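A.B. asks: Can you look at this prediction? I've put the sequence above it.
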Amino acid sequence: MRFSEILRIALLEIKGHKMRSFLSFFSISIGVISIMYTLTLIYSMNFRLKKAVEVAGPGRINVELKKRWEAQSDAEKKEAREALTYADSIAIKKAFPELYMVSPYKDKWVEFSDGYFTDYVSVRGITTQWKKRGWVYKLRGRFINEYDIENAQRVCVVIKEGGWMKKPKWMKFYSYSDPLQNYVKHSELLGKTIKLGNGLYKVIGVLEEPPAEKNPRSFVGVGMWEPKVLVPITTAQKFLSGWGDNAGDAIDGIHVDTGDPATIEKYKRQIEQALKSLHGKNLRFNIKDYREVMKDQMADKRRDMLTVMIIGIIAILSGGIGIMNVSLAAIYSRIKEIGIRRSIGAGRKDIMLQFMTEAMLLGFFGGVAGVIAGFAGIQYLAYKGDQNMAMLSWWMPLAAVAAAVFTGFAASIYPARTAAKLDPIEALRYE
Amino acid sequence: MIKCLNLKKIYPLKAGAGYAALQGVDISVEKGEFISICGPSGCGKSTLLNILGFLDTPSEGRYFFEGNDVSGFDDSKRAFLRRSKVGFVFQSFNLLPKLSVIENAMLPLLYLGKKRKEAMERTKAILDKVGLSAKAENDVMELSGGERQRVGLARALANEPQMLLADEPTGNLDSQNSAQVMDLLFDINRSSKMTIVMVTHDNKLAQMTERIIRIKDGKVEK
C-alpha cells in the first residue's frame, strides 16, 4: 500500500476519534513546550557564558570584599574588619607584573546634577587598567589617565549607551529607560562641568557604546551591569560624597585578568596568599574565578531549567504511554477491521505501518500544537523582557517536533506488533 | 489450477490430541470451474476454504496453486497471494463501515500499490458491473444486505483475481437478493472464465454449480 493511503487512513482514524486523539497528544504538547523552553534557556545561557567570558577576559578573577551580610556568624558580623584598599591592588600588580590587568574599583551612589538635570546615579572609581577589558567604545575627549589618578583630579567620563539599530519587538514595551541615559542622549556633556555629590567635576570624555546588536556586552546581561559614570579611583576615595558599601579608603574589589584561563587557578591561589599576608585574617574577602561567578549567577536559571526539563520529560513520557494505551485499546476495537484488511491482502507490514503511522501522526500533531503554544509563550516571555527567551532558534521547534514524533514511534512499536501478529482468521471471526 | 493432496488441519487443544478439522482432503479444481463445497456446519468446509484462500496453512499435506506448492509459504508470501490471486466473498460481507462503497471496493487495489486515482477508475467499472455505480459514494451502512454483498463481490473482483472464494455468500440474504448474487457469480464465471469455489450448506444452490464436493467430518465424501 502506498504511504499516502496509509497516511489518509491514519488521518481518518484520528479525525474519527477527536477526543481520544486530543487527550493522547495533549501531554505530548506540554512536553514539547517544556523542551522548547529548556532548549532556549540552555542555548542562551551557553551563549551568554561564552560572551561574558569573552568580554570579561579569558583569565578573569574577581576579588571582592565580603559583604557584612555574608558573615557566617554573629561574631563574624560584629568583628573589626579590614578593608581592601587601592594599595592592595598596587601591591598585586607589583608582585605579579605579568598579570594582564589589575583593575580596582569603588562604587558610590551619588547625586548627579548639571543645573538642568538631577538624578541619583551610580559612579565608579577606576584606574587606567579599566580600559584593558571589554573596550567596545568610541571615545570622544580623553580617558582618565595616570595623572588624574595620582592627583585625584575631579574629572569624569560618561558612558553613553548605543541604543538599538533596530529595536527588537520585546524591547519596545519593556521600557525601563535610565533617566541619565535619556539626558546624555540629548545633551552634549563633553567639556561641561557637572556636580557629583558635593563636588564639581569636569566631563573629560564620553564613551559611546556601539549599538546593542554589535555590542557583545548587551547580550551578556547577567552580572554585567556597571555604573555609567567613571571617575579616578583616588577621587572616589577622597572627595566623592555619596553612599557606598565601603567607606573611606576602602575599595569594593579588584578585577584581575591573568590573560590565560590556564593560569587562573595558580594566580587565584597566589593573590589570595598575597592579600592574606598583607592583611592577616581580618580581611574577609572572596576571590573567584569569573566563570564560576557567571555560573553562580546562572544557577537559579539552571535549577528552573532542570525542573522544567524534568516536567517536560515526564509529560512526553506520559504522552507516549497515553499513545501506547490508546493504540492498544484501538487494536481491540479494530480487530475485525484488521482481519478484513488482512483477508483482502494486507500484509503484516501494512498493518504495522498503519498503527505506527497513526501514533506518529498523533505525536506530530501534539508536537506542532506544543510548538505553537510554546512559541507563543516564549514570545510572550521575550516581550516581557526575558532576554533568555529572545534566543529561540529555528532548529528548536524542529527538535521538539522530532522528539514528539519519536515518542509516537517508540510508543507504537509494541501495539503495532501486537496488531500485526493477529491471526487473520481469528480476527475475522471476532465480533 | 488447484490441487490438494491429503490436506490435514489440526487445531491444538489445551488438553488431548487436538481437534482435527480436516483429516486428509484431496481435491482438485480446474481453471474456469464453478464448484461448490457442501456439508453440514462444523464439517471443516470453512477451514478448507481458508486454506484455499491462503488465509490459513494446512498442518499436513500439500496444496498446489498453479503448480506451485504453497503449503509452506510464510505470512508475507501468502499475503501477496491473497492480494494478487484470489478474491474473498464472505457471508457477513465484512465491509469496513467507516468507508464508502467505492473505498471499500477498491481496498485490494490500494494494497496492490495502485494509485488512488487509478484504483478509483478501475473500481467504478466493477461497481457498474454489479449495478452499484449510483451508490458509489454512499456509506456502506446505508445499503441493504443484498447491496452490501454486491459491494463485497465488487471488492473481491477489484484485483482481477484468478479465483473467487465465496463463503456462504447468500447466507445472510433473502431469496430475491440471493438469486441476484448467484446470477452475478454465474455471470462472472461465464464471462471471464473465473474459477469460483463456493462454500454453502444449501443443496439447491449447490445443485446449480458444475460440481459439488461434499465434505463430512473433515473428509471428502465419495
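C.D. replies: Right, received. Where do you want to start? The model shown is predicted, which means the values in this text are computed figures rather than measured ones.
A.B. asks: pLDDT value on residue A:414, please?
C.D. replies: pLDDT, residue A:414: 94.
A.B. asks: Now do the helices in the chain.
C.D. replies: Using chain A here. A:3-16, A:18-56, A:74-78, A:86-95, A:146-150, A:169-173, A:179-186, A:233-238, A:264-279, A:290-333, A:335-343, A:348-383, A:395-421, A:424-429 (DSSP state H).
A.B. asks: To clarify, I was referring to chain B.
C.D. replies: Using DSSP H, the helices of chain B run over B:45-52, B:75-85, B:101-111, B:116-129, B:145-158, B:175-192, B:203-208.
A.B. asks: Switch those helices over to CSV; also include mean neighbour count.
C.D. replies: (Glycine included, C-beta is placed from N, CA and C.) As requested, these are exported to CSV (neighbours: other CB atoms under 10 Å in any protein chain shown):
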stretch, mean neighbour count
helix B:45-52, 23
helix B:75-85, 19
helix B:101-111, 26
helix B:116-129, 17
helix B:145-158, 24
helix B:175-192, 15
helix B:203-208, 14
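A.B. asks: any idea how far residue A:317 is from chain B?
C.D. replies: The gap separating residue A:317 from chain B is 31 Å, by CB to the nearest CB, to the nearest Å.
A.B. asks: Next, the contact list for that residue, please.
C.D. replies: Counting by CB atoms under 8 Å, 6 or more residues apart in numbering or on different chains, residue A:317 touches A:31, A:407.
A.B. asks: Can you tell me which of the helices of chain A has the worst average pLDDT?
C.D. replies: Among these, helix A:169-173 scores lowest, with a mean of 54.
A.B. asks: need the residues of chain B near chain A, please.
C.D. replies: Residues of chain B found near chain A (CB under 8 Å from any CB of the partner chain) are B:50, B:53, B:55-56, B:75-76, B:79-80, B:82-84, B:88, B:90, B:94-96, B:98, B:107-108, B:110-113, B:115-116, B:155-156, B:159.
A.B. asks: Look up the closest residue to whatever residue of chain B ends up closest to chain A, ignoring the ones flanking it.
C.D. replies: Nearest residue of chain B to chain A: residue B:83, at 2.3 Å (CB to the nearest CB). Distance criterion CB to CB, 6 or more residues apart in numbering or on different chains; nearest residue to residue B:83, sequence neighbours excluded, is residue A:345 at 2.3 Å.
A.B. asks: Verify the contact between that neighbour and residue B:110 for me.
C.D. replies: No: look at residue A:345 against residue B:110 with CB atoms under 8 Å: they stay out of range, at 9.3 Å.
A.B. asks: one step back: tell me who's in contact with the residue nearest to residue B:83.
C.D. replies: With CB under 8 Å, 6+ apart, residue A:345 has these contacts: B:79, B:80, B:82, B:83, B:84, B:108, B:111, B:112, B:159.
A.B. asks: again with residue A:137
C.D. replies: By CB under 8 Å, 6+ apart, the residues touching residue A:137 are A:159, A:207, A:208, A:209, A:210.
A.B. asks: and if you look at residue B:77?
C.D. replies: By CB under 8 Å, 6+ apart, residue B:77 lies in contact with residue B:70.
A.B. asks: got it, and the one 10 residues further on?
C.D. replies: The contact partners of residue B:87, by CB under 8 Å, 6+ apart, come to B:108, B:155, B:156, B:157, B:158, B:159, B:161, B:163, B:164, B:165.
A.B. asks: Can you check the pLDDT for the first one?
C.D. replies: Going back to what we said before, that points to residue B:108. pLDDT, residue B:108: 93.
A.B. asks: can you tell me how far it sits from residue B:160?
C.D. replies: Residue B:108 is 9 Å from residue B:160, where distance means CB to CB, to the nearest Å.
A.B. asks: ok, and the closest non-adjacent residue to the residue minimising distance to the centre of chain B?
C.D. replies: By CA atoms, centre = their mean, chain B has its centre lying nearest to residue B:165, at 2.1 Å. In space, and not counting its chain neighbours, residue B:165 is closest to residue B:53: 4.5 Å by CB to CB, 6+ apart.
A.B. asks: Tell me, how many residues neighbour the one you found?
C.D. replies: For residue B:53, the count of nearby residues is 24 (other CB atoms under 10 Å in any protein chain shown).
A.B. asks: residues in contact with residue A:104?
C.D. replies: By CB under 8 Å, 6+ apart, the residues touching residue A:104 are A:86, A:88, A:89, A:126, A:127, A:129, A:233, A:251, A:253, A:254, A:255.
A.B. asks: ok, so of the residues you listed, who is nearest chain B?
C.D. replies: Nearest to chain B among the contacts of residue A:104, with distances taken as CB to the nearest CB, is residue A:255, at 71.0 Å.
A.B. asks: is that closest one in a bridge, and if so with what?
C.D. replies: With DSSP bridges applied, residue A:255 shows beta-bridge pairing to residue A:62, residue A:103.
A.B. asks: Correct me if wrong: it contacts residue A:133.
C.D. replies: Yes: Residue A:255 lies in contact with residue A:133 (CB under 8 Å); the separation is 7.4 Å.
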